[in-house]
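**Student:** just to be clear, the model below is a prediction. Sequence and coordinates:
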Amino acid sequence: MSTTTPTTATTSSSKSPWVSFFSGGMAGVTAKSAIAPLERVKILYQIKSELYSINSIFGSISKIVENEGIKGLWRGNSATILRVFPYAAVQFLSYDSIRKHLITDQKSSFQSFLAGSSAGGISVIATYPLDLTRARLAIEIDRTKYNKPHQLLIKTFRAEGFKGIYRGIQPTLIGILPYGGFSFSTFEYLKKNAPAQFVDENGSINGTYKLVAGGVAGGVAQTVSYPLDTVRRRMQTHGFGDAKAEINLEHGTLRSIYNIFKNEGIFALYKGLSINYIKVIPTTSIAFYSYEFFSGILSKGI
């Protein structure tokens, strides 16, 4: 165990709120764009797509390329970028602000859990309509139907109102509490307990260790909250595009999870989870390096 106190390149206490905001947003965009093909395949698995019902990641990606070309792998990613920049920006800013002003014990894993949960909830509420738009674009087969994400968002709002553009937010909010909490608190715990060989004389943690710690934190958080993500996707895409999975929108989140478990088995709740595990390491790696890179540049200019 290290006798020094591990730190990141730029601590939350010394970092400008604008640095947290813009660095988080740009890191989120970079990471999500890199793994967009896997994200689309995951959604197609979750909603039981008939056209792309191939039981392998490579097979599904090949089928998408065959039907839609290479660009099809990034279908819906423009909506992802529009969503993930403000989402990641608000999340990083909220987490840093909560830890700086509200957390009384910076070493407490439970308080880190609460800060992560709160930051996740704030960012979800702020950006949810963009997430719904991205999910629907990912399963829309007719590429001429919606040329731009805002067209689908406007049409959804006109047809269904606020209830429509926030459809599925209940399981999202319920899911982000354990996800945000476990991801941040696990990562903070692993940083605090970094082995001595991964901490230099200045107390800075080795970048490789942070990447592995982030992957572990993401894996733990995904496992805990994934059934809620499956219910959210089914609510968002019910009766839309290629979505064939049945769900009763009148049922609550927990009732929906029970019904899926009862009618389709436990594995239906975790369909696509293997793709998420495959995404965790590269996503976290790209996000961490991007966040540190942008934080370093912006800290010098702000």
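**Tutor:** Okay, I see it. For clarity, every value in this text was computed on a predicted model and none was experimentally measured.
**Student:** in a strand, Ala194, correct?
**Tutor:** No: counting by DSSP: H, G, I helix; E, B strand; the rest coil, Ala194 is not found in a strand; it is coil.
**Student:** give me phi/psi at it?
**Tutor:** phi -60, psi 130 (degrees, to the nearest 10).
**Student:** can you start the count at 33 instead of 1 from here on
**Tutor:** In the new count, where the first residue is 33, that last one comes out as Ala226.
**Student:** any idea how far Glu233 is from it?
**Tutor:** 14 Å (C-beta to C-beta, to the nearest Å). For glycine as for every other residue, the C-beta is placed from the backbone atoms N, C-alpha and C.
**Student:** more neighbours, these two?
**Tutor:** Set Ala226 next to Glu233 and count neighbours by other C-beta atoms under 10 Å: Ala226 wins out with 19 against 6.
**Student:** measure that one to Ala191 for me?
**Tutor:** 51 Å.
**Student:** Leu169 too?
**Tutor:** 16 Å.
**Student:** next: Ala151.
**Tutor:** Per C-beta to C-beta, Ala151 is found 32 Å from Ala191.
**Student:** more neighbours, those two?
**Tutor:** Ranked by neighbour count (other C-beta under 10 Å), Ala151 and Ala191 place Ala151 first, with 24 against 9.
**Student:** what residues sit buried inside the helix-or-strand element of the chain with minimal mean pLDDT?
**Tutor:** Every helix and strand in the chain was compared by mean pLDDT, DSSP states H and E; the lowest is helix 305-333, with a mean of 77. For helix 305-333, the neighbour count (16 or more other C-beta atoms under 10 Å) marks 305, 307-308, 311-313, 315-324, 326-327, 330-331 as buried.
**Student:** next one: it to chain centre, how far?
**Tutor:** Helix 305-333 sits 12 Å away from the centroid of its parent chain (C-alpha atoms, centre = their mean, to the nearest Å).
**Student:** pop out the phi and psi values for Ile135.
**Tutor:** Dihedral angles of Ile135 (phi, psi; degrees, to the nearest 10) stand at phi -80, psi 130.
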